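K.L.:
with the sequence up front, the predicted model follows.
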Amino acid sequence: MDLPVSTVAMYVTGARISATQQRDASEAIGGVTPSSGMYVERGYQPPDSTRILLLILGALGAVLMLGGTITTTFLALSDARPDLATSGGGGGVAPGARSPGPTPSWSPWSVASWVRSSASSRASP
């Protein structure tokens, strides 16, 4: 079988081919055989209108997310207001007041000293 052998396609990686280099190579290849040419796959290149639309949609989503977060926070605060007022009436922190931090009324050391003082007062006549 005498079939002619020819290169139909070539896959090259790692080379950066500019548009000028592509045009020059395509003209040189076309000069050898009129039916040949060169094509460089540059990956997906979205049009500028698509990029602008994605930026607008992203900004709109961020604004809506922030608005939802703020709305949820204020709804939770308004829902908790009666509970905070009740706890403020019973000795808790009043609404709008800042707590200085966790200050328990007892600690293991205070309980231990109380037990020691109670035991010593019972032991003395």
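P.N.:
Cool, the structure landed.

K.L.:
what is the rounded mean pLDDT of stretch 30-39?
P.N.:
The average pLDDT within stretch 30-39 is 78.

K.L.:
ignore the last one, stretch 56-69
P.N.:
Stretch 56-69 shows a mean pLDDT of 97.

K.L.:
helix, strand, or coil at Ser6?
P.N.:
Here Ser6 is recorded as coil under DSSP: H, G, I helix; E, B strand; the rest coil.

K.L.:
now it: how far from Ala28?
P.N.:
The gap separating Ser6 from Ala28 is 17 Å, by Cβ to Cβ, to the nearest Å. For every residue, glycine as well, the C-beta is placed using N, CA and C.

K.L.:
between those two, which one's more packed in?
P.N.:
Ala28 (10 against 7; other Cβ atoms under 10 Å).

K.L.:
identify the residues contacting that one.
P.N.:
Applying Cβ atoms under 8 Å, 6 or more residues apart in numbering to Ala28 gives no contacts.

K.L.:
so it: helix, strand or coil?
P.N.:
Strictly by three-state DSSP, Ala28 counts as helix.

K.L.:
how many residues are close by Met38?
P.N.:
16.

K.L.:
can you pull the contacts of it?
P.N.:
Going by Cβ under 8 Å, 6+ apart, Met38 touches 22, 25-26, 29.

K.L.:
now, of these, which are buried?
P.N.:
Neighbour counting by 16 or more other Cβ atoms under 10 Å classes none of the contacts of Met38 as buried.

K.L.:
make CSV out of those and add distance to Gly14.
P.N.:
Shown next, in CSV, are the contacts of Met38 (distance: Cβ to Cβ, whole Å):
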residue, distance to Gly14
Gln22, 16
Ala25, 16
Ser26, 20
Ile29, 20
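
K.L.:
closest to Gly37 among these?
P.N.:
If you rank the contacts of Met38 by distance to Gly37 using Cβ to Cβ, Ser26 comes first, at 5.5 Å.
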